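Quick check, what structure comes out for this input:
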Amino acid sequence: MKVVAAIDSFKGSLSTFQAGEALAVGVKRVYPDAQVLISPLADGGEGTVEAIVGAAGGTMVEVTVHNPLGRLIQSQYGMVEATKTAIIEMASASGITLIEASERNPLVTTTFGVGELILDAIEKGCRQFVIGIGGSATNDCGVGMLQALGFSFLDEKGNPVGYGANGVKQIAAIQTVGVHPALKDCEFRIACDVKNPLCGELGCSAVYGPQKGATPLMVEEMDGWLHRFAELTKTVNPDADPDYPGSGAAGGLGFAFMSYLGGTLTSGIELVIKETGLEELVKDADVVVTGEGRLDGQSHMGKAPIGVAKLAKQYGKTVLAFSGCVTRDAVKCNDHGIDAFFPILRTPCTLEEAMDAENAFSNMSDTVEQVFRLLKIAKGLSH
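Now for the predicted structure:
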């Protein structure tokens with residue numbers, strides 16, 4: 001019996017590796033000689049660095065950067081020395097969880113720290129970049145990141161503009177003379193699962209601005225500033241396209257990567273699957289197991305478990321899923337490659353008890369054991 005485990009983290013409870021280890025315990029109670037291969041999983045957001053670094057045998061790099069409000073913090077990114085690849089989560093430098101709710105203000109929050117992470121990786125020899133851009137606190141169209149990388153954004157008097165959307169408002173000219181020379185040799189692959197354009201009623205200011213502290217007036221003003229900036233960007237890159245799906249990701253950071261750094265936006269789960277080498281493991285598996293903390297009707301819309309199921313079905317594999325909880329509309333997942341799914345809760349309990357790592361590990365192992373006992377009977381497998 002060969003089982004491949006590719007389970008997203010149960011956030012606040014089990015990491016992707018811990019979930020895989022718990023699964024292995026349950027499987028081996030039924031098939032002591034089973035080969036259980038754990039492939040770490042994430043969807044491009046939280047946990048992406050851990051998943052890719054763990055699968056590729058990379059290391060974590062500590063670095064001091066500026067947070068969204070310009071305060072110095074300790075951040076980190078992953079590096080795979082063999083391929084000189086840096087794996088970065090923008091949220092580790094410019095994420096919304098790095099500042100208090102009362103401090104959220106997209107007029108001043110900046111992506112400067114993201115640029116600092118990239119610079120550090122460049123100085124350490126990296127030229128390949130995998131970057132997850134979910135969870136931002138910003139709406140500066142990536143200008144802060146670009147400032148850190150040497151791009152100059154000047155106001156009407158020729159002075160450097162400030163940070164945040166207020167800085168975008170002031171931009172009258174763009175200069176590239178000071179850009180870090182190594183950027184021309186860098187390749188940026190961006191994990192992005194949102195399809196929002198940069199501007200308009202579906203743009204980043206209107207859709208995501210309010211959760212970052214924007215008032216209705218700020219939303220209207222920022223949308224206009226970003227539209228003007230996009231037009232100005234065409235003087236640097238005539239192919240800049242603010243309507244391209246994903247341009248509005250992370251407050252316009254998607255637009256910045258595409259227009260200034262030649263970045264490619266791709267599905268987060270597809271990128272992680274490629275970087276972790278999951279496909280090679282799936283090819284020879286008897287059963288593929290996936291899952292996440294909560295499986296619901298939205299899980300089939302680009303979430304990690306469905307990405308795994310889609311891949312597994314290309315090779316005709318049986319796909320099972322385990323999760324902390326499931327909703328009634330999770331049955332939609334059965335139409336997208338997951339043959340059967342199972343919640344792991346064993347007894348009524350509080351949320352705190354359910355999320356306790358030791359309890360969750362035990363619940364996962366025990367539930368997996370029972371499912372594989374049934375599978376053994378149903379399939380007549382004995383090896």
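
So what does the closest residue to P343 other than its chain neighbours look like in phi/psi?
Nearest residue to P343, sequence neighbours excluded (CB to CB, 6 or more residues apart in numbering): V326, at 4.8 Å. C-beta: built from backbone N, CA, C; applies to glycine. Backbone torsions for V326, taken as degrees, to the nearest 10, come to phi -130, psi 150.

What residues are bridge-paired with V326?
Beta-bridge pairing of V326, defined through DSSP bridges, involves L295.

Please settle this for me: is A86 part of a strand?
Yes: according to DSSP: H, G, I helix; E, B strand; the rest coil, A86 belongs to a strand.

do you know how far it is from V49?
10 Å (CB to CB, to the nearest Å).

Among the two, which residue is more densely surrounded?
Comparing A86 with V49 by other CB atoms under 10 Å, the one with more neighbours is A86, at 27 against 23.

give me the element the residue nearest to that one when sequence neighbours are not counted is part of.
Nearest residue to A86, sequence neighbours excluded (CB to CB, 6+ apart): A121, at 3.6 Å. Take DSSP states H and E as the rule and A121 turns out to sit in helix 112-123.

can you check Q370 too?
Remark: Q370 resides in helix 357-379, with elements defined by DSSP H and E.

Check which helices and strands that helix is in contact with.
Packed against helix 357-379 by the contact rule (3 or more CB pairs under 8 Å, 6 or more residues apart in numbering; DSSP states H and E) you find helix 16-30, strand 318-326, strand 340-343, helix 351-355.

after the longest one comes which helix or strand?
I take that to be helix 16-30. Downstream of helix 16-30 (by DSSP H and E), the next one is strand 35-38.

contacts for that following strand?
Judged by CB atoms under 8 Å, 6 or more residues apart in numbering, the contacts made with strand 35-38 from elsewhere in the structure are 1-6, 17, 20-21, 23-24, 27-28, 281, 285.

at 7 Å instead, please
When contacts are taken as CB atoms under 7 Å, 6 or more residues apart in numbering, the neighbours of strand 35-38 outside the stretch itself are 2-5, 17, 20-21, 23-24, 27, 281.

ok so, going back, count the neighbours of the residue nearest to A86 for me.
With other CB under 10 Å as criterion, A121 counts 24.

And for I174?
A count of neighbours around I174, defined by other CB under 10 Å, yields 18.

cool, the one 3 residues further on as well?
The number of residues packed near V177 is 7, by other CB under 10 Å.

all helices of the chain, in order?
Assignment of helices within the chain using DSSP state H yields the ranges 16-30, 48-56, 91-94, 112-123, 143-148, 164-170, 204-208, 216-233, 249-261, 268-276, 278-283, 304-313, 351-355, 357-379.

what comes up buried for the longest one?
Going by neighbour count (16 or more other CB atoms under 10 Å), the buried part of helix 357-379 is 359-365, 367-369, 371-372, 375.

between A86 and V49, what contacts are shared?
Common neighbours of A86 and V49 (CB under 7 Å, 6+ apart) are Y77.

re the thing from before, report the two of the contacts of strand 35-38 separated the most.
The most widely separated members of these, counting by CB to CB, are K2 and F17 (18.9 Å).

more crowded one of the two?
Relative neighbour count places F17 above the other of K2 and F17, with 18 against 15, counting by other CB under 10 Å.

The more buried one contacts S39, correct?
No: between F17 and S39 no contact is recorded; they are 10.0 Å apart, counting by CB atoms under 7 Å.

one step back: which residues touch the residue nearest to A86?
Contacts of A121 were listed using CB under 7 Å, 6+ apart, and they are 77, 79, 86.

so the first one touches L117, yeah?
Right, Y77. Yes: using CB under 7 Å, Y77 is in contact with L117, at 5.3 Å.

tell me, what's touching these two both at once?
Common contact partners of Y77 and L117 (CB under 7 Å, 6+ apart): I88.
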